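K.L.:
Here is the input, now give the coordinates:
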Amino acid sequence: MILKKCDWFIPVSMSCLGFLLSTSFSLHSQNVGINNDGSAPDPSAILDLKSTTQGILLPRMTSAQRNAIANPQSGLTVYDTDANAIFMNVGTSGSPNWAKGLTSTNAGDDIWSKSGNSSTNPTSDFIGTTDNTDFVIRSNNNERLRIKSTGEIGVGTTNPGGAFEVNSTTGGFIPPRMTTAQKNAITAVDGMIVWDTDLNCLSFFGNSSWNCSAGVQDSSAFTIGVGAACSQIQVNGDYSIGDVLTASNTVELEINVSATGQYTIETDQQNGYSFSKSGSFTQTGIQTVELVGVGTPIAAGTNNFTVSSPKSGTGSCTFSVTIPYSLEFHATNADTLQVRLNSNSGQGYSVDWGDGTVITYSEAATGQHIYSSNYTGDIKIFVDDSAAVIDFEASGEFDFNLSQINQFKNLQTLVLGLSNSVTGNLSSLPNTIVLLSLGGNNTTSGTMSSLPAGLLYYYNYGNNTTSGSIADLPSGLLGYYNQGNNSVSGSIASLPSSIAQFSIGGSNTTSGDISSLPSSIATFVNEGSNTTSGDIANLPNTLSTFVNIGNNTTSGDIKHLPSNLTTYINQGQSNTTYSGGKTSFPFYFQQESTNGLSTLEVDTLLNDYAAITWTNVSGTIDLAGSNQARSVASDAAVTSLTTAGFTISTN
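P.N.:
Numbers count the residues shown, from 1 in each chain. The predicted structure follows:
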């Protein structure tokens, strides 16, 4: 069916007949209205659609289909199903320019809202130009700010001559205004400018300090540093890293006033803090002024200040403030803590025990504090000259990280007692340390090569996770004791030639022939999955303790054990024997074999051991790893050895 009115043609299929019967069409000579209430179309619209339950659907197509439209007229509008957005041709039919409008995910995402925008991406969303054109901001239709296409910014000018230019004949530039304390709290950079409301001056930052370049001159006249006044400067208060200065942090000095009136006296800023005072002199002559500190010390050390007046005063003085070096511990349920610090300069040290008790101790004196009730909290130790500290010891229920020790550049001895919990990497220790003893539930880490090069003695108890090769141990090491979950490897032939004590626990995988042990060694304790080998006859005569646990394949006659040996533990696939003739044996003797001895070999070895005269002995003979059980031929030997003090284990 075709409805015709003037030049309008509306084709209607039979399937739409029901719709047509229920919908009102108003056809006029100039416009068309479609609705369900019979109202006439608005005179201003060529097509007036009205509904409260339905909408209008634009032609829907992909981006490729949209771009394939031949000669699209300006204003042609479609819905792009790829972009989920409405597109309109704002170009010409010969040169289309499809502009994206509303989208299904963020209506108007190319339109900046007057009430703000959300979910923007600073790498792709911006207000500005994408061509070589200046960007202008206006108010009241007058240009107020221009950003040149080359980046220069101008306020009140269309052609800024520098990176930022302000041009006005009716107003001035007002920098940020703040007090001296607020100014000093800024993390300043060279060239920063503020107006100091306490000093009434334009203050600029340069050469690591704030300086007044211009301002209101004070009315007084005075001189700083007359006679011996500089040497009489008094510094008050306590200073430490990270603690904000308070009203108790002051500096007192004498000023010779020649004319009364307003005054300003200040210091330069050092290490994050400074001192200043503004006021009024009411009488002439020598006056004492108390400068008040502001800011927060950043680092330990000695800070040198210069006192001067940026306005009416003359002269200057210098003084120093020492920010002490500090060690911080965290105690857990502690009843008694103990520390000792020794230096080569005679300086003492102070301890803040955390419960309100602060005590100063002389050099090398032991500081001990017994708490009235178990204490959990922080403890701080302060010392003025960190370079002078050579020995540090502490014990008690506290946690400690090795990284703190690095500030003591010349430390030689570090001893932390058995109740501590020490963490950190061995690489953070000073290279000057010669004795390192860490007791407690430690979880230190690092490699053998992380140890200080000059280390002589190393003792570390706990759940440590040291790794690396024996070959990386310090060359002059005399003693090494390391318990925990270590994973040390390498050949025992690489042990330092000077070493006298070597004891290590964990999942180690050392190897090598025991004949290559250093001739100076007295203690050798090697636990893990080790694969050492060799004849025990080649053990050094200096050896007093030999503990070798793992998959070892040592062999030899025990009569050749070193005469000074007091402890002998050998586990693994050991194939040691005894042929008699030895009169003295270690006090503690433990032999374990998993080598698969025959019944005859087990009986023979037990009978050989029983033939020895054992005195004050304690130990274990474990042959349970043998393939065959012993026989009655060794019953008497087992009885004899058990009476002597041995625990016998066989099949």
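
K.L.:
contacts and neighbour counts: CA atoms only from here.
P.N.:
OK.

K.L.:
Show me the residue sitting in the middle of the chain in space.
P.N.:
Nearest to the mean C-alpha position of the chain, by C-alpha atoms, centre = their mean, lies residue 403 at 11.2 Å.

K.L.:
what secondary structure does that one sit in?
P.N.:
Classification of residue 403 using DSSP: H, G, I helix; E, B strand; the rest coil returns helix.

K.L.:
Show the model's pLDDT score for it.
P.N.:
Here, the pLDDT recorded for residue 403 equals 85.

K.L.:
ok, it to residue 149 distance?
P.N.:
51 Å (C-alpha to C-alpha, to the nearest Å).

K.L.:
so what's residue 410 up against?
P.N.:
387, 388, 389, 390, 430, 432, 433 (C-alpha atoms under 8 Å, 6 or more residues apart in numbering).

K.L.:
how close does the last one sit to residue 93?
P.N.:
In other words, residue 433. Distance, residue 433 to residue 93, by C-alpha to C-alpha: 84 Å.

K.L.:
who has more neighbours, the two?
P.N.:
Set residue 433 next to residue 93 and count neighbours by other C-alpha atoms under 10 Å: residue 433 wins out with 23 against 16.

K.L.:
So that one lies in a strand, does it not?
P.N.:
No. Counting by three-state DSSP, residue 433 is not found in a strand; it is coil.

K.L.:
Just give the nearest non-adjacent residue to it, would you?
P.N.:
residue 412 (4.0 Å; C-alpha to C-alpha, 6 or more residues apart in numbering).

K.L.:
picking up where we left off before, compare the contacts of residue 410 and tell me which is most surrounded.
P.N.:
residue 389 (25 neighbours).

K.L.:
Burial check on the closest residue to that one other than its chain neighbours, number of neighbours?
P.N.:
With sequence-adjacent residues excluded and distances taken as C-alpha to C-alpha, 6+ apart, residue 389 is closest to residue 343, at 4.1 Å. For residue 343, the neighbour count with other C-alpha under 10 Å is 21.

K.L.:
Could you report the pLDDT at residue 343?
P.N.:
On pLDDT, residue 343 comes in at 85.

K.L.:
ok, it - contacts?
P.N.:
363, 364, 388, 389, 390, 391.

K.L.:
same check, this time on residue 501
P.N.:
478, 479, 480, 481, 521, 522, 523, 524.

K.L.:
so residue 219 touches residue 313, yeah?
P.N.:
No. Counting by C-alpha atoms under 8 Å, residue 219 does not reach residue 313; the two are 9.8 Å apart.

K.L.:
Which residues are in contact with each of those two?
P.N.:
residue 263.

K.L.:
for the stretch 151-300 of the chain, what spans make up the strands?
P.N.:
For the stretch 151-300 of the chain, applying DSSP state E, counting those that start in this stretch gives strands covering 153-155, 164-166, 177-178, 193-196, 201-206, 209-215, 221-224, 234-236, 250-259, 261-267, 273-281, 285-295.

K.L.:
Give me the residues contacting whichever helix or strand comes after the last one.
P.N.:
When you say that, I think you mean strand 285-295. Next in sequence after strand 285-295, counting helices and strands by DSSP states H and E, comes strand 301-308. If you take C-alpha under 8 Å, 6+ apart as the criterion, strand 301-308 is touched by 224, 265-271, 314-325, 384-385.

K.L.:
My guess is the residue nearest to residue 433 contacts residue 432. True?
P.N.:
Yes. Contact criterion C-alpha under 8 Å: residue 412 and residue 432 qualify, at 5.5 Å.

K.L.:
so where is the stretch 1-150 of the chain shaky, pLDDT-wise?
P.N.:
1-29, 102-111 (pLDDT under 70).

K.L.:
just the helices in it please.
P.N.:
For the stretch 1-150 of the chain, applying DSSP state H, counting those that start in this stretch gives helices covering 17-22, 63-67.

K.L.:
From what I see, residue 430 and residue 402 are in contact.
P.N.:
No. Between residue 430 and residue 402 there is no contact under C-alpha under 8 Å: 9.9 Å.

K.L.:
for the stretch 351-500 of the chain, what are the low-confidence residue spans?
P.N.:
Applying pLDDT under 70 to the stretch 351-500 of the chain flags residues 418-420.

K.L.:
The same query, at a cut-off of 80, please.
P.N.:
Scanning the stretch 351-500 of the chain with the threshold set as pLDDT under 80 gives 417-421, 439-442, 461-464, 484.

K.L.:
so how far is residue 50 from residue 44?
P.N.:
Distance of residue 44 to residue 50, given as C-alpha to C-alpha: 14 Å.

K.L.:
quick one, which of those two is more surrounded?
P.N.:
Remark: of residue 44 and residue 50, residue 50 carries more neighbours, 16 against 9, as counted by other C-alpha under 10 Å.
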